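> sequence? don't have it. structure:
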Ligand SMILES: Nc1nc2c([nH]c(=O)n2[C@@H]2O[C@H](COP(=O)(O)OP(=O)(O)OP(=O)(O)O)[C@@H](O)[C@H]2O)c(=O)[nH]1
C-alpha cells in the first residue's frame, strides 16, 4: 500500500494581514518565540475564523494584537504558500488605523520600517514576493 502524500493531510488556512503604511513607513511585527515561524517578521493579522469575513477577521486581529481600530480597504496582495506544517492562503489588505495608539500585545517586537530597511529583517517566506512589490513601489 502506498503512503499518502503529506500534501493531502496538511490543513489549509485563510490568513488575513494588514499593510499599514504611514509617513513612509509600514508596520511589521515579530512572531512570538512559542509559535510556528518563531521570531520571523510578518504583517499583523492571523487566521480567519469560521463565519467571519476577511474584514471582520482583520479588525479582530488588529485589535487583539495591536489594540488598534482599523479600516481595511482594498486587497493589496494574495498568495498561497506551503509550509512544513500547514498551507496558507495569504490575503494582505491596505489598512488604515482609525484609533490608536499601537500597543505590542502579542508579538515579540513591532517596528515601523521604510522599504529600504526590508532586507534587514527575516520575514515569513510567504511574504517574500509582496516585500519585493513594496520595495519597488514604496
Ligand atoms: N499574520 C500573518 N501571518 C502570516 C504572514 N505570512 C505568513 O506566512 N503568515 C503565516 O500565517 C499563519 C498565521 O497564523 P497565526 O498562528 O499567527 O494565527 P493566529 O494569530 O490566528 O494564531 P492562533 O493559531 O494562535 O490562533 C502563520 O503560520 C504565519 O506564519 C503575515 O504576513 N502575517
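Done, it's in. Please read all numbers here as calculations on a predicted model, not as lab measurements.
> Spell out which parts of the chain neighbour the ligand.
Residues of the chain lying near the ligand by Cβ under 6 Å from any ligand atom: 15, 17, 35-37, 42-43, 45-47, 81, 86, 88, 90, 124, 126-127. (Glycine included, C-beta is placed from N, CA and C.)
> same thing but at 5 Å, please
15, 17, 37, 42-43, 45-47, 88, 124, 126-127 (Cβ under 5 Å from any ligand atom).
> Which one of these is nearest to residue 55?
Taking Cβ to Cβ as the measure, residue 55 sits nearest to residue 45 out of the residues of the chain next to the ligand, at 11.8 Å.
> Quick check on the closest one: phi, psi?
When read as degrees, to the nearest 10, the backbone of residue 45 gives phi 150, psi -160.
> list the contacts for it?
Residues near residue 45 by Cβ atoms under 8 Å, 6 or more residues apart in numbering: 15-18, 57-58, 61-62, 65, 92.
> Please enumerate the strands of this structure.
11-19, 21-22, 25-30, 41-42, 45-47, 69-82, 86-99, 109-113 (DSSP state E).
> hmm, which two among the contacts of residue 45 are most spread apart?
Farthest-apart pair in the contacts of residue 45 is 65 and 92; separation 15.0 Å (Cβ to Cβ).
> List the contacts of residue 11.
Per Cβ under 8 Å, 6+ apart, neighbours of residue 11: 86-87.
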